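Chemist: just the structure for this:
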Amino acid sequence: MSLYDDAVLVLKGYEDQEELRQAYLDHLAAHPDGMWKACPAGHLTASALVIDPERGRVLLTLHRKLRMWLQMGGHCEPGDPTLEAAALREAAEESGIAGLTLLPGGPVRLDRHPIPAPCHWHFDVQYAVLAPPGAVHEISDESLDLRWYAYDEVADVADESVVRLLEATRARL
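Modeler: Below is the predicted model of the structure:
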């Protein structure tokens, strides 16, 4: 199965955010290259909130280009067999944490946001990953900083998208 086919199946099975979910499916139907950064109309991305529920905290990255505190994530790559694998890969690469595991149940949220030209939209499929006990993070080239934040601190440093992702992740936990 291709990554494109996996994305369609994942989105068809996602039961929340009906209107936005349909916009993702419509985008893919209209753009066979809609998984890839080269698609000028926008493309799917995969992200993951790294969470440590035992200690009531999440790991956020200070994004090098955007200079915002965000969850880990990015573009799908040809070697990614699934959206889940892409999200897990991005989380591991950007956090430096080995042994991350996906929170069961598929995507936690969808978040479509504009990006600068030449592309126009990121259709982000957002997951959550659990950090193993004693996880040690390491800053990647894509980050200016990585920091653990208590749940109640996230709204003070991150935008509404991250806050909504945290709320949905906590509800699933």
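Chemist: and the helix or strand hosting residue 149, what does it pack onto?
Modeler: Using DSSP states H and E, residue 149 sits in strand 143-150. Counting contacts by 3 or more CB pairs under 8 Å, 6 or more residues apart in numbering; DSSP states H and E, strand 143-150 is packed against strand 57-63, helix 83-95. Every C-beta, even on glycine, is put in place using the N, C-alpha and C of the backbone.
Chemist: quick check, central residue of the protein?
Modeler: With distances taken as CA atoms, centre = their mean, residue 47 lies nearest the centre of the chain, 1.3 Å away.
Chemist: report the buried residues of the following helix or strand past the strand holding residue 149.
Modeler: Following strand 143-150 in sequence order, the next helix or strand is helix 154-157 (DSSP H and E). For helix 154-157, burial by neighbour count (16 or more other CB atoms under 10 Å) applies to residue 154.
Chemist: and helix 154-157, what does it pack onto?
Modeler: For helix 154-157, the packing partners by 3+ CB pairs under 8 Å, 6+ apart are strand 57-63, helix 160-172.
Chemist: give me the sheet partners of the shortest one and which way each runs.
Modeler: In other words, strand 57-63. When pairing is defined by DSSP bridges, strand 57-63 lines up against strand 43-52 (antiparallel), strand 69-70 (antiparallel), strand 143-150 (antiparallel).
Chemist: name the residues that touch it?
Modeler: 49-52, 68-72, 94-95, 97, 131, 137, 140, 142-151, 154, 157-158, 162, 166 (CB atoms under 8 Å, 6 or more residues apart in numbering).
Chemist: check the last one too.
Modeler: Where contact means CB under 8 Å, 6+ apart, the residues beyond helix 160-172 that reach it are 49, 51, 58, 60, 69-71, 103, 105, 108-109, 111, 113, 126, 128, 151, 154-155.
Chemist: now, of these, which are buried?
Modeler: Buried, going by 16+ other CB under 10 Å: 49, 51, 58, 60, 69-71, 103, 108-109, 111, 126, 128, 151, 154, out of the contacts of helix 160-172.
Chemist: which residues does residue 115 contact?
Modeler: 42, 121, 122.
Chemist: got the angle between the helix or strand containing the last one and strand 57-63?
Modeler: Residue 122 belongs to strand 121-130 when elements are defined using DSSP H and E. Here the directions of strand 121-130 and strand 57-63 differ by 140 degrees (axes from the mean of the first three to the mean of the last three CA atoms, to 10 degrees).
Chemist: elements contacting strand 121-130?
Modeler: Judged by 3+ CB pairs under 8 Å, 6+ apart, the packing partners of strand 121-130 are helix 3-13, helix 18-30, strand 43-52, helix 83-95, strand 101-102, strand 109-114, helix 160-172.
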